[in-house]
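A.B. asks: A predicted structure for the sequence below; I have some questions about it.
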There are 2 protein chains.
Amino acid sequence: MSEKRNLTSVLDAVSDLWSPHIVGEVNDYDVKAANVAGEYPEHAHDDTDELFIVLAGRLHLDLPDRTVTLDPMDVYTVPRGVRHRPRAEPGTRILNIEPRGTTQDGTSQGAVGKRLE
Amino acid sequence: MSEKRNLTSVLDAVSDLWSPHIVGEVNDYDVKAANVAGEYPEHAHDDTDELFIVLAGRLHLDLPDRTVTLDPMDVYTVPRGVRHRPRAEPGTRILNIEPRGTTQDGTSQGAVGKRLE
């Protein structure tokens, strides 16, 4: 049986920015949480959509044709193949939902999220 | 392109209890939000895990061998095939993440979530 996890407690213990931690699993999908601030390099995921939920702060997603700004409890999906540059204000906390093994930067070498003990 | 949705705004507009609304999509998975209180009938999903995130209030999941109690920002996955009876305190708000078409009660006739306009 899996155990419950608390998103606030997990993120309180993470000091690195843009360091996704796997807080939940459903079949072959992972739910990842991260503290973010400043810019993350523009990238795309060729094989999967990427769903964002903002828990705190404010996240901007620079898309090819516009910028989507997400406030707490906003949900938005970047469709597969769409380039996006995440930018976050200080103190921003986000969740991502995507297939297990999806890399953070869309490359085959990118981080897939840290699994909690 | 998809549009962003705000979980709080969506749930503020839903008066029915245990009425999941689809607030986000990622590939063939749906993220569903619901206002819940009181009991929902015990059931199981034979083909899929079911991930819960509690946004507000308190949700109890009566499992065969124990009860898991979830407070705000708690994440928990009921593994496929495991019977569970959700019970919620007044004012509870939850998210579920599961494959598109998963029915609420585990039967082939159950609700699959209301799609927002």
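C.D. replies: Ah, there it is. Numbering: from 1, shown residues only, chains lettered A, B, ... in the order given.

A.B. asks: helix, strand, or coil at A:Ile94?
C.D. replies: Per DSSP: H, G, I helix; E, B strand; the rest coil, the local secondary structure of A:Ile94 is strand.

A.B. asks: partner residues bridging it?
C.D. replies: A:Ala34, A:Val54 (DSSP bridges).

A.B. asks: and it, how many neighbours?
C.D. replies: 22 (other Cβ atoms under 10 Å in any protein chain shown). Placement of C-beta: from N, CA and C, glycine included.

A.B. asks: quick one: strands adjacent to the least confident helix or strand in chain A by mean pLDDT?
C.D. replies: Between all helices and strands in chain A, the lowest mean by mean pLDDT, DSSP states H and E belongs to strand A:114-115, at a mean of 90. Partners of strand A:114-115 in the sheet, by DSSP bridges, are strand A:21-26 (parallel).

A.B. asks: picking that back up, so what's the gap between the least confident helix or strand of chain A and the chain middle?
C.D. replies: 13 Å (Cα atoms, centre = their mean, to the nearest Å).

A.B. asks: same deal with stretch A:107-117?
C.D. replies: 12 Å.

A.B. asks: for that stretch, buried residues please.
C.D. replies: Using 16 or more other Cβ atoms under 10 Å in any protein chain shown as the test for burial, stretch A:107-117 gives A:Gly113.

A.B. asks: now do it: everything it contacts.
C.D. replies: With contacts defined as Cβ atoms under 8 Å, 6 or more residues apart in numbering or on different chains, stretch A:107-117 is touched by A:5, A:10, A:19-23, A:30, A:32, A:43, A:100-105.

A.B. asks: please redo it, this time with the cut-off set to 6 Å
C.D. replies: A:Pro20, A:His21, A:Ile22, A:Asp30, A:Lys32, A:Gly101, A:Thr103, A:Gln104 (Cβ atoms under 6 Å, 6 or more residues apart in numbering or on different chains).

A.B. asks: now do the contacts for the first one.
C.D. replies: Contacts of A:Pro20 were listed using Cβ under 6 Å, 6+ apart, and they are A:Lys32, A:Ala34, A:Gly113.

A.B. asks: repeat that with 10 Å
C.D. replies: Shown in contact with A:Pro20 (Cβ atoms under 10 Å, 6 or more residues apart in numbering or on different chains): A:14, A:30-36, A:94-96, A:98, A:102, A:104, A:111-114.

A.B. asks: and if you look at the fifth one?
C.D. replies: A:Lys32 is in contact with A:19-24, A:94-98, A:102, A:104, A:111-114, counting by Cβ under 10 Å, 6+ apart.

A.B. asks: can you do 8 Å?
C.D. replies: Counted by Cβ under 8 Å, 6+ apart, A:Lys32 has contacts A:Pro20, A:His21, A:Ile22, A:Val23, A:Leu95, A:Asn96, A:Ile97, A:Glu98, A:Gly113.

A.B. asks: what's the answer for the last one, then?
C.D. replies: The neighbours of A:Gln104, taking Cβ under 8 Å, 6+ apart as the test, are A:Trp18, A:Pro20, A:Gly110, A:Ala111, A:Val112, A:Gly113.

A.B. asks: ok, it to chain B distance?
C.D. replies: Per Cβ to the nearest Cβ, to the nearest Å, A:Gln104 is found 15 Å from chain B.

A.B. asks: measure that residue to B:Gly110 for me?
C.D. replies: Distance of A:Gln104 to B:Gly110, given as Cβ to Cβ, to the nearest Å: 36 Å.

A.B. asks: how near is A:Leu7 to A:His60?
C.D. replies: Counting by Cβ to Cβ - A:Leu7 and A:His60 are separated by 21 Å.
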